[in-house]
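Chemist: Show me the folded form of this:
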Amino acid sequence: MTDTTPDPGGFRLDRRTALATTAVAATALVVVGCGSTSDKPASAAPRAEPGGPDQMPAKKLDTLANTADVPVGGGLITGGTVITQPSAGSFQGFSATCTHLGCQVNSVSGGLIRCPCHGSTFNLDGSVAGGPAPRALDPRAIRVEGDQIVSA
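Modeler: Below is the predicted model of the structure:
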């Protein structure tokens, strides 16, 4: 069946041409968007004086937990981070994603970080205590600021 609808503007565009034109336009937008508006290398940019008006504001700390909330010889899970305190005052951070199949670990008890999906367990230092996880939990940078544990 053919289209016999009259073309009021006299301009017809077949599907292949329309798709090709759209692809070219999208590519051009990406190229233009990635271009630089400065011919100076980044190293040539002027530096702000410390404490001057151009200084960047201090980064807001991403508080994960209070130090008192993390038991010695245990830990807690907050968001996507596992925080442990293997010994008093020593805090470590790890991704809450199990290295077996990507499930989220869901508890820290009995000195172990536990994954509910296939039974993997991890020591408080993130190392594998029991499989099937093939490797340790990925480390997460944390630091203690006063009585708060923050993302580093």
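Chemist: Would you state the strands of the protein in chain order?
Modeler: Secondary structure of the chain (DSSP state E): strands located at 63-66, 74-78, 81-87, 90-95, 107-109, 112-114, 121-123, 128-130, 139-140, 142-145, 148-151.
Chemist: Generate JSON lines for those, with distance to D14 as supplementary columns.
Modeler: The way it works is simple: take the backbone N, C-alpha and C, and place the C-beta from them, glycine included. Listed next are the strands of the chain as JSON lines, based on distance: least, CB to CB, whole Å:
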{"stretch": "strand 63-66", "distance to D14": "57"}
{"stretch": "strand 74-78", "distance to D14": "56"}
{"stretch": "strand 81-87", "distance to D14": "54"}
{"stretch": "strand 90-95", "distance to D14": "51"}
{"stretch": "strand 107-109", "distance to D14": "60"}
{"stretch": "strand 112-114", "distance to D14": "59"}
{"stretch": "strand 121-123", "distance to D14": "59"}
{"stretch": "strand 128-130", "distance to D14": "59"}
{"stretch": "strand 139-140", "distance to D14": "53"}
{"stretch": "strand 142-145", "distance to D14": "58"}
{"stretch": "strand 148-151", "distance to D14": "54"}
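Chemist: Ok, which of the ones you listed comes nearest R15?
Modeler: Closest of those to R15 is strand 90-95, at 46.0 Å (criterion: CB to CB).
Chemist: Report the rounded mean pLDDT for that closest one.
Modeler: Taken as a whole, strand 90-95 has an average pLDDT of 95.
Chemist: now do stretch 137-152
Modeler: 93.
Chemist: Show me what counts as buried in it.
Modeler: Within stretch 137-152, the residues that qualify as buried are L137, R140, I142, I149, V150, counting by 16 or more other CB atoms under 10 Å.
Chemist: quick one: contacts for the second one?
Modeler: Pointing back at R140 there. With CB atoms under 8 Å, 6 or more residues apart in numbering as the criterion, the residues that contact R140 are T81, V82, G93, F94, S95, S151.
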